[in-house]
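Q: fold the following for me, if possible:
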Amino acid sequence: MVDQEQFLGESPEFMAVLRAAGLVAPTDATVLVSGESGTGKELLSRYIHRNSRRSREPWITINCAALPESLAESELFGHAKGSFTGASLNKKGWVQAADGGTLFLDEISELPLSIQAKLLRLLESGDCQGVGHSRISHVDVRVVAATNKHLPDLVKKGLFREDLYYRLNIVPLELPPLRERLDDLPLLMKTFLTKVSETNGLPPASFSKSTIALLYRYTWPGNIRELRNFCERVGILHSGSEIEVANLPFEMQQDSDGGAMDTIDGLFTLPSDGLDFLQMERDLIGQALKRTNGNKSRAARLLGFSRDTFLYRIKKFSILT
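A: Modelled structure (predicted):
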């Protein structure tokens, strides 16, 4: 099983991907996992492997961006003794090491064009030929690839082989960014803060209501990875305390337009010329509904209301939804 403390979620967007992964896992189909950096592509790929018939066989991870182009072919497919300067021994590649199991190709978009043809042949027939070898061997490998780039755009630019893209894209799975699965934010924050507390023997931190409302407005460009690192930092620095807006990093204290929030102790400052409170409340409810595409539960959380209270206010102001 995947580490459930890192691979959590109950939002419809996340559960749809997880259900699809569960369906494809028992098969040998090639899978292409896409999503922004930090969304959990490797975790999802491990989930597929660990729920497949190959779960007891090798799981080999290759970061394609870290492969020097001059050595990429040798690293992946192996080489024969004397095939190039420094090749003093026969060497198996990572593809042979994954025989019977799963080969995870992370950042597949960075794989050199010179190697993409050999990967295509591997996917189509299982053929594997090391550098300097005259004989072709056959391996039984399942390939799961991941990318944070839009491969069709790279195909149009001539940076990625079209035939390889279609061969990889047998079962596409796209992980949503955190900003599109904010229903999972409370569960993830609680889980990460609890783990920080237990790991370090510290009393757990918590978030004030105003802080939680602000975190819902933050766009989380680093996704789950950013949230986990953020929770580790505040969980250590503010252990046993309630985290207020003033305790957040500067970039999290910005409003959606990039302007600094005008706050005192985490609360909005009353303008010197006053305001129309009822109109402000109506406008905020409308903004919350627009921001959440009409999801009343998420909109209520953005404003710090219970769902029943929020529904009452919608009815009070005769807001159409």
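Q: domains in the protein, by residue range?
A: Each domain of the chain is listed here as a residue range: 12-176, 180-316, per automatic domain parsing.
Q: in CSV: those, plus mean neighbour count and mean pLDDT.
A: For the C-beta atoms, the positions are set from N, CA and C on the backbone; glycine is no exception. Shown next, in CSV, are the domains of the chain (neighbours: other CB atoms under 10 Å; pLDDT from 0 to 100):
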stretch, mean neighbour count, mean pLDDT
domain 12-176, 17, 88
domain 180-316, 15, 82
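Q: which residues touch the closest residue to Thr30 other than its chain neighbours?
A: Residue nearest to Thr30 in three dimensions, not counting chain neighbours: Ile170, with 4.5 Å by CB to CB, 6 or more residues apart in numbering. Contacts for Ile170 (CB atoms under 8 Å, 6 or more residues apart in numbering) come out as Ala29, Thr30, Val31, Leu32.
Q: kindly reformat those as CSV containing distance to Val155 and secondary structure.
A: Formatted as CSV, the contacts of Ile170 follow (distance: CB to CB, whole Å; DSSP: H, G, I helix; E, B strand; the rest coil):
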residue, distance to Val155, secondary structure
Ala29, 21, coil
Thr30, 17, coil
Val31, 19, strand
Leu32, 13, strand
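Q: so which of those would you say is closest to Lys118?
A: For the contacts of Ile170, the residue nearest Lys118 by CB to CB is Thr30; the value is 15.4 Å.
Q: is it true that the closest one touches Gly126?
A: No: look at Thr30 against Gly126 with CB atoms under 8 Å: they stay out of range, at 12.0 Å.
Q: tell me, what residue is most central in this structure?
A: Thr39 (0.7 Å; CA atoms, centre = their mean).
Q: for Gly201, see how far away Val31 is.
A: According to CB to CB, to the nearest Å, Val31 stands 40 Å off from Gly201.
Q: all strands of this protein, in order?
A: With DSSP state E, the ranges of strands along the chain come out as 31-34, 59-63, 102-106, 127-128, 137-138, 142-147, 171-174, 206-207, 242-243, 263-264, 267-268.
Q: same list (those strands) but as a markdown table, adding distance to Thr194.
A: Listed next are the strands of the chain as a markdown table, based on distance: least, CB to CB, whole Å:
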| stretch | distance to Thr194 |
| --- | --- |
| strand 31-34 | 27 |
| strand 59-63 | 28 |
| strand 102-106 | 29 |
| strand 127-128 | 45 |
| strand 137-138 | 48 |
| strand 142-147 | 28 |
| strand 171-174 | 28 |
| strand 206-207 | 11 |
| strand 242-243 | 14 |
| strand 263-264 | 28 |
| strand 267-268 | 28 |
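Q: so which of those gets nearest Trp94?
A: Among the strands of the chain, the nearest to Trp94 by CB to CB is strand 59-63 (5.3 Å).
Q: ok, and what's touching that closest one?
A: If you take CB under 8 Å, 6+ apart as the criterion, strand 59-63 is touched by 42, 46, 49, 75-76, 94, 97-98, 101-107.
Q: again, only using 7 Å
A: Arg46, His49, Trp94, Ala97, Ala98, Gly101, Thr102, Leu103, Phe104, Leu105, Asp106, Glu107 (CB atoms under 7 Å, 6 or more residues apart in numbering).
Q: relative to the whole chain's centre, how far out is it?
A: Its chain's C-alpha centre and that of strand 59-63 lie 17 Å apart, by CA atoms, centre = their mean, to the nearest Å.
Q: start the count at 54, not 1, going forward
A: Done: numbering now begins at 54, and the last item shifts to strand 112-116.
Q: partners of it, with directions?
A: Partner strands and pairing direction for strand 112-116 (DSSP bridges) are strand 155-159 (parallel).
Q: can you list contacts of the partner strand?
A: 95, 98, 102, 107, 112-117, 147-148, 194-199.
Q: orientation of that strand relative to strand 195-200 in degrees?
A: 10 degrees (axes from the mean of the first three to the mean of the last three CA atoms, to 10 degrees).
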